[in-house]
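Trainee: The following block contains a protein sequence and its predicted model.
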2 protein chains.
Amino acid sequence: MAFSPLVDELVESLRCLPGVGQKTAQRMAFHLLERARSGGTRLADALNQAMDGVRRCDSCQNFADTELCPICETPERKNGTLCVVESPSDLLAIEQAGDYRGGYFVLMGHLSPIDGVGPEEIGIERLLGRIREEGVSELILATNPTVEGEATAHYIADRLDGQNVLITRLAHGIPVGGELGYVDGFTLTHAFRGRKPLSD
Amino acid sequence: MAFSPLVDELVESLRCLPGVGQKTAQRMAFHLLERARSGGTRLADALNQAMDGVRRCDSCQNFADTELCPICETPERKNGTLCVVESPSDLLAIEQAGDYRGGYFVLMGHLSPIDGVGPEEIGIERLLGRIREEGVSELILATNPTVEGEATAHYIADRLDGQNVLITRLAHGIPVGGELGYVDGFTLTHAFRGRKPLSD
Ligand SMILES: [Zn+2]
Ligand SMILES: [Zn+2]
């Protein structure tokens, strides 16, 4: 680059953002420097605080500032129903659909032996412990309708075999091969209402 | 949002980046939190230092860490040719093409009376002073081929009327290797007007 070490480093650092290549990073850096310095400083503060302060909820594994996330701290949401999702954006999509009022468990991934992701890495023991301790009566397996998501759902269902827990899967409505985070709220609500036992 | 104040604030702050809406900001925040915390911290540092430390070059107005940018500090580039561009990214594109070896003047915009951008805001007096002091013999007006860019170029040319400076404009036309059918009408009109005898 023809500029200055500070601008170079800013462009290079912006490339850690997903989907941001050299050209986009340049455009972002110039925009901040020309027109949005206070926005840039605010972003720096937010990054520092989040990278340092955001942890996992002790109960559901979702991102949280404290031991328990706001959902797990809400007693009404411990209603015997637990919804297992792969990622925080899946949880967010379901929350934004607005219909579901139970608890969550966020795997932060899915089983993927090739990448070294086994049951321990996605917190299966913690999930099974919660189901026992909280007396969960219905477990909604809302992993993605992908090969890995289905395999993860089946693994969890197998581990609960013989226990008195109704295991359900979200209904049709989610596009095959699609990702939960990109599904609109209307479709998601329908998928929730039409959920079916896994044995079907 | 269903998470934590820290995650909320990170998502909100990321939206100051150009072209980043709610969904993209969420995706970026989750990516950083899940897989790239050190990248996020590096970005925070780079932002803080750049927002605080990047100034304008005293000579060409481009972004710089010190009084003069690296190009203006290179004596060989004071060769009597000055290229006027609207933005740092235009300068960068020319530098990356690699052929031009003269100096620059970065307007950081173009004349736009409606937005209150007059000659003073884009540094015209500073430009005219440099042309006199450095004995510039050719001024290349590489503003964009837009209404505002053309008007800015003509304004600068008018201000230099009667002075012994060759004023040139970049040739507009069909991109090298481009196909006629994919060229926009504006470019095509320019290409027609700038047509040359085949023997050239
Ligand atoms: Zn939680
Ligand atoms: Zn300079």
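Mentor: Okay, I see it. Ligands and ions are numbered 1, 2, ... in the order given.

Trainee: Give me the distance between the two termini of stretch A:57-68.
Mentor: Taking CA to CA, to the nearest Å, stretch A:57-68 runs 5 Å from one end to the other.

Trainee: Not counting that stretch itself, show me its contacts.
Mentor: Defining contact as CB atoms under 8 Å, 6 or more residues apart in numbering or on different chains, one finds that stretch A:57-68 is touched by A:53-56, A:69-72, A:88, A:91, A:103-108, A:123, A:126, A:130, B:3-7, B:30, B:33. Every C-beta, even on glycine, is put in place using the N, C-alpha and C of the backbone.

Trainee: and the residues you listed near ligand 1, which?
Mentor: Residues of the contacts of stretch A:57-68 in contact with ligand 1 (CB under 5 Å from the ion): A:69, A:72.

Trainee: what stretches of chain A score poorly on pLDDT?
Mentor: Chain A contains residues with pLDDT under 70 at A:1-2, A:172-178, A:190, A:199-200.

Trainee: got the residue ranges for the strands in it?
Mentor: Counting by DSSP state E, chain A has strands at residues A:55-56, A:63-64, A:81-85, A:103-106, A:138-141, A:166-169, A:196-197.

Trainee: of these, which approaches residue B:47 most closely?
Mentor: With CB to CB as the criterion, residue B:47 lies closest to strand A:63-64 of the strands of chain A, at 21.5 Å.

Trainee: Do that closest one and ligand 1 come into contact?
Mentor: No: if you take CB under 5 Å from the ion as the test, strand A:63-64 misses ligand 1, and the best it gets is 6.1 Å.

Trainee: from the middle of its chain, how far away would that strand be?
Mentor: 10 Å (CA atoms, centre = their mean, to the nearest Å).

Trainee: Likewise for stretch A:129-141?
Mentor: With CA atoms, centre = their mean, you get 19 Å for stretch A:129-141.

Trainee: Kindly export that stretch (C-alpha atoms) in PDB.
Mentor: C-alpha atoms of stretch A:129-141 as PDB (Å, rounded to 0.1, in the frame of the first residue of the first chain):
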ATOM      1  CA  GLY A 129     -27.400 -33.600  32.800                       C
ATOM      2  CA  ARG A 130     -29.700 -30.700  32.300                       C
ATOM      3  CA  ILE A 131     -32.500 -32.900  30.900                       C
ATOM      4  CA  ARG A 132     -32.200 -35.100  34.000                       C
ATOM      5  CA  GLU A 133     -31.900 -32.400  36.600                       C
ATOM      6  CA  GLU A 134     -34.600 -30.100  35.200                       C
ATOM      7  CA  GLY A 135     -37.000 -33.000  34.400                       C
ATOM      8  CA  VAL A 136     -37.300 -31.900  30.800                       C
ATOM      9  CA  SER A 137     -40.300 -33.600  29.200                       C
ATOM     10  CA  GLU A 138     -39.800 -32.500  25.600                       C
ATOM     11  CA  LEU A 139     -36.500 -32.000  23.700                       C
ATOM     12  CA  ILE A 140     -36.800 -30.200  20.400                       C
ATOM     13  CA  LEU A 141     -33.900 -31.100  18.200                       C
END
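
Trainee: in it, what's buried?
Mentor: A:130-131, A:136, A:138-141 (16 or more other CB atoms under 10 Å in any protein chain shown).

Trainee: What subset of the contacts of stretch A:57-68 is buried?
Mentor: By 16+ other CB under 10 Å, the contacts of stretch A:57-68 give A:54, A:56, A:69-72, A:88, A:91, A:103-108, A:123, A:130, B:3-4, B:6-7, B:30, B:33 as buried.

Trainee: Near ligand 1, which residues of chain A are found?
Mentor: Counting by CB under 5 Å from the ion, chain A comes close to ligand 1 at A:57, A:59-60, A:62, A:69, A:72.

Trainee: now the helices for chain A?
Mentor: Applying DSSP state H to chain A gives helices spanning A:5-14, A:22-35, A:37-53, A:88-97, A:124-134, A:147-159, A:185-193.

Trainee: Residues contacting the shortest one, please?
Mentor: So that's helix A:185-193. Helix A:185-193 has contacts (CB under 8 Å, 6+ apart) with A:93-94, A:96-100, A:140, A:170-174, A:180, A:183.

Trainee: Let's see the ChimeraX selection covering just the buried ones among those residues.
Mentor: Buried members of the contacts of helix A:185-193, identified by 16+ other CB under 10 Å, are gathered into one ChimeraX selection as follows:
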select /A:93,94,97,100,140,170,174,180,183
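
Trainee: Looking at the contacts of helix A:185-193, which is nearest residue A:82?
Mentor: Closest to residue A:82 out of those is residue A:140 (7.0 Å), distances taken as CB to CB.

Trainee: Please work out how many residues are found near the closest residue to that closest one other than its chain neighbours.
Mentor: Closest residue in space to residue A:140, ignoring its immediate chain neighbours: residue A:83 at 4.3 Å, by CB to CB, 6 or more residues apart in numbering or on different chains. Applying other CB atoms under 10 Å in any protein chain shown, we find 23 other residues in the vicinity of residue A:83.

Trainee: Tell me which residues touch residue A:83, please.
Mentor: Taking CB under 8 Å, 6+ apart, we find residue A:83 in contact with A:94, A:100, A:102-105, A:140, A:142.

Trainee: Using JSON lines, lay out those residues together with distance to ligand 2.
Mentor: Putting the contacts of residue A:83 into JSON lines (distance: CB to the ion, whole Å) gives the following:
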{"residue": "A:94", "distance to ligand 2": "53"}
{"residue": "A:100", "distance to ligand 2": "58"}
{"residue": "A:102", "distance to ligand 2": "61"}
{"residue": "A:103", "distance to ligand 2": "59"}
{"residue": "A:104", "distance to ligand 2": "54"}
{"residue": "A:105", "distance to ligand 2": "56"}
{"residue": "A:140", "distance to ligand 2": "61"}
{"residue": "A:142", "distance to ligand 2": "56"}
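
Trainee: Which pair of the residues you listed spans the longest distance?
Mentor: A:100 and A:105 (13.1 Å).

Trainee: hang on, the earlier thing: closest to ligand 2 out of the residues of chain A next to ligand 1?
Mentor: Closest approach to ligand 2 among these (CB to the ion): residue A:62, at 48.8 Å.
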